[in-house]
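K.L.:
Provided below for reference: sequence and predicted model.
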Amino acid sequence: MAVNRFRSHVFILPEDDANRQLAVGFALEFDSRQIQVLREAGGWLNVCKNFESDHVQAMRNCPHRAVILLIDFDEDPDRRRSVGTRIPADLTERVFVLGTWSEPEALRRSLAATYEEIGRALARGCRQQDGSILQGELLRHNGQEIERVCAALAAVS
């Protein structure tokens, strides 16, 4: 089902299938008409390229849209900055860069849960303003970014 582009809505652009599954679990906790999980891009650089080619102008034409770029950080402390340089200044308030510190497979193992269950738990934490799931080493680097996402998602709920 397509989102209502005249209301606040969120597109989630996942790097790979594991991130897509996390995003699907996350989206299940919200109004399905206002969050859309897109097809996986096939790598964090492809997320950036896809965002630039397919979403920048669309976001400028649709002021109610926010985009979550869901990537693996691959333990690279500069990854968020690298991705951030690809986001135009006029869109930075509506674009979010999130992901696991290494890769989603490590997160699944550490939490002993499915990707969908983890995504649902992240969404519930966001809605209830409970950041306990973010305290682990694989998610804590998302702290400030997840606060921004939660604020944006309040308009979608």
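P.N.:
Nice, thanks for sending it over.
K.L.:
the residue nearest the centre of the chain in helix, strand or coil?
P.N.:
What sits nearest the mean C-alpha location of the chain, by CA atoms, centre = their mean, is Ile68, with 3.6 Å. Secondary structure state of Ile68, per DSSP: H, G, I helix; E, B strand; the rest coil, is strand.
K.L.:
what sits against it?
P.N.:
Val10, Phe11, Ile12, Leu13, Ala23, Val95, Phe96, Val97, Leu98, Val149 (CB atoms under 8 Å, 6 or more residues apart in numbering). In short, each C-beta sits where N, CA and C put it, glycine included.
K.L.:
the second one contacts Asp54, doesn't it?
P.N.:
No. Using CB atoms under 8 Å, Phe11 is not in contact with Asp54, being 9.7 Å away.
K.L.:
now do the strands in the protein.
P.N.:
9-14, 35-37, 65-72, 95-100 (DSSP state E).
K.L.:
which stretch among these comes nearest Trp44?
P.N.:
Nearest of the strands of the chain to Trp44, taken as CB to CB: strand 65-72 at 4.2 Å.
K.L.:
pull out the buried residues from the closest one.
P.N.:
Arg65, Ala66, Val67, Ile68, Leu69, Leu70, Ile71, Asp72 (16 or more other CB atoms under 10 Å).
K.L.:
from the chain's centre, how far out does that strand sit?
P.N.:
Remark: strand 65-72 is offset 4 Å from the chain centroid, using CA atoms, centre = their mean, to the nearest Å.
K.L.:
check the average confidence over that strand, would you?
P.N.:
For strand 65-72, mean pLDDT is 97.
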